[in-house]
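Trainee: Following is a predicted model, sequence given first.
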Amino acid sequence: MTATDATREAVDRLFRSDSRRVLATLIRLLGDFDVAEEALGEAFAAALEKWPTTGIPQNPYAWLVSTGRFKAIDRLRRDARFVAADAEPLPFGTPHHPSTPPPIDLGEEPGIVDDRLRLIFTCCHPALAAEARVALTLRVICGLSTAEIARAFLISEATLAQRLHRAKEKIRGAGIPYEVPEEAALSERLESVLAVIYLVFNEGYAATTGDALVRSELCQEAIRLGRLLVELMPEANEANALLGLMLLHDSRRGSRVTTEGDLVLLDEQDRSQWDQEQIREGVDRIEGALKSGFAGQYAVEGAIAALHAQAPSSDQTDWRQIAALYQYLMNYRPGPVVELNHAVAVAMADGPEEGLRLVDSIAARGGLEGYRWLPVARGELLRRLGRNDEAAREFRAALALTTVEGERRLLERRLKEVGAG
């Protein structure tokens, strides 16, 4: 391997692990999402050009931030010189066009707040529509492309691009500050912040696009952000519950995918691979949240995850208790996905016939069109009932909805098992 090849591999690894961190700091320093994204690309391009000769710097993050920032400032100055005479260019000295670059502040001061947490609070500002918060988070925190997010929303790429543009313009036009708000405003934004942190985790735990089923760096980033939020708001029970829930799910991450990259369903996982330290911390946090007297969404989901994590096997899992907890969630925050999870738990407790009856009722009411786990669940129940032809139709329907290669291979294996390979 040549020095250039080795450097390229190192830059690729840094992009996967640190690009969102670099972008968050550039957004703070430059005051503009689009300018910062261009600067990020230029910084990594410069690294590919220079590092084979100079070597990788001792602090690559600081080098990338500094390089991206100065390239953005140079480009903005250059563009300003070509503005038409009758136009009114944005003067230097504003956040977008600084005249003399101020001393760089990487935002890594000791304490609990960092640039990525600031960015999440910015994305979750109440002035933004709920769907815009989600789309912006997937773009700037998770690093998904516009096309990937559009597929997740089941909308056109052009519509999603417009949504992202409007959200960025709203932040710029309304002067939404890039900061964690004062204590008085924390609680009103907490629910949205928790939702987007969980969104980051879920995109890592069960990727919606790409070749990899699991994106470990996103799981770890979401847990890190969850810990920062708990430090910021230690009395927030749902923040503690979300951290516990993510730890419990993440404890199984290493057993969810085979060495070939295929998905392994819960009842087939090797439980000896589960991270017992994470399970203990997760259970402690969930129990603490439940003792507060209020059982919110993340506390109840955490209780379900704890029952799975503590069961010696799938057959020894307390499925009736899990079904009861999903019933509670259906009353607290109803939705077809929660209903589907409840139906699967009922199937495990009372048999596949009863579960299938519930799944068919959910499908008949609508609301989960395009959701690949509906035909997967129905196919699994039909397979257990020996209705293989019907199961094959469901697995084929699920295959048409998934874009993740490891899931495709699982479904193709199921088709062979029901004699329809």
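Mentor: All right, it came through fine. Values in this document were obtained by computation on a predicted structure and should not be read as measured data. Numbering: from 1, shown residues only.
Trainee: Tell me who's in contact with Val11.
Mentor: By C-beta atoms under 8 Å, 6 or more residues apart in numbering, the residues touching Val11 are 44, 47-48, 51. The C-beta positions use only the backbone N, C-alpha and C, and glycine is treated the same way.
Trainee: Pro336 now?
Mentor: 362, 365, 367-368, 371.
Trainee: burial of the residue lying closest to it once chain neighbours are set aside, as a residue count?
Mentor: Distance criterion C-beta to C-beta, 6 or more residues apart in numbering; nearest residue to Pro336, sequence neighbours excluded, is Gly367 at 4.1 Å. Per other C-beta atoms under 10 Å, the neighbour tally for Gly367 reads 13.
Trainee: Tell me the secondary structure at Gly367.
Mentor: Secondary structure, DSSP: H, G, I helix; E, B strand; the rest coil: Gly367 is coil.
Trainee: picking that back up, between the contacts of Val11, which has the most around it?
Mentor: Highest count within those by other C-beta under 10 Å belongs to Ala47, 24 neighbours.
Trainee: Surely it touches Trp63?
Mentor: Yes: the pair Ala47 and Trp63 passes the contact test of C-beta atoms under 8 Å, sitting 7.4 Å apart.
Trainee: Hmm, Arg333 is touching Ala295, no?
Mentor: No: using C-beta under 8 Å, Arg333 is not in contact with Ala295; the gap is 11.4 Å.
Trainee: which of the two has more neighbours?
Mentor: More neighbours surround Ala295 than the other of Arg333 and Ala295, with 20 against 11 (other C-beta under 10 Å).
Trainee: The closest residue to that one other than its chain neighbours: how many residues sit nearby?
Mentor: For Ala295, ignoring the flanking residues on the chain, the nearest one in space by C-beta to C-beta, 6+ apart is Tyr328 at 7.3 Å. As a burial measure, Tyr328 scores 16 neighbours (other C-beta under 10 Å).
Trainee: wait, Tyr328 sits on Ala299?
Mentor: No: Tyr328 is beyond contact range of Ala299, at 10.3 Å (criterion: C-beta under 8 Å).
Trainee: Out of the helices and strands in the chain, which is least certain?
Mentor: The least trusted helix or strand in the chain, going by mean pLDDT, DSSP states H and E, turns out to be helix 146-153, with a mean of 76.
Trainee: For that one, which outside residues touch it?
Mentor: Residues from elsewhere that reach helix 146-153, judged by C-beta under 8 Å, 6+ apart: 131, 135, 138-139, 144, 156-157, 159-161, 164, 208-210, 403.
Trainee: before we move on, what about stretch 310-317?
Mentor: By C-beta under 8 Å, 6+ apart, stretch 310-317 touches 266-267, 271, 279, 283, 307-308, 318, 348.
Trainee: same check, this time on stretch 251-264
Mentor: Residues outside stretch 251-264 that contact it (C-beta under 8 Å, 6+ apart): 205, 211-214, 216, 219, 266, 269-271, 273-276, 278-279, 282, 309, 405-407, 409-410, 413.
Trainee: can you pull the buried residues of that stretch?
Mentor: By neighbour count on 16 or more other C-beta atoms under 10 Å, the buried set for stretch 251-264 is 251-253, 255-257, 262-264.
Trainee: Where does pLDDT dip in the stretch 151-300 of the chain?
Mentor: 152, 154, 184, 209-211 (pLDDT under 70).
Trainee: quick one, helices of it?
Mentor: 157-173, 183-205, 216-232, 237-250, 276-290, 297-310 (DSSP state H, counting those that start in this stretch).
Trainee: So which of those helices is the most surrounded?
Mentor: Stretch with highest mean neighbour count among these: helix 237-250 (a mean of 26; mean count of other C-beta atoms under 10 Å).
Trainee: the inter-axis angle of that helix versus helix 183-205?
Mentor: Counting by axes from the mean of the first three to the mean of the last three C-alpha atoms, to 10 degrees, helix 237-250 points 10 degrees away from the direction of helix 183-205.
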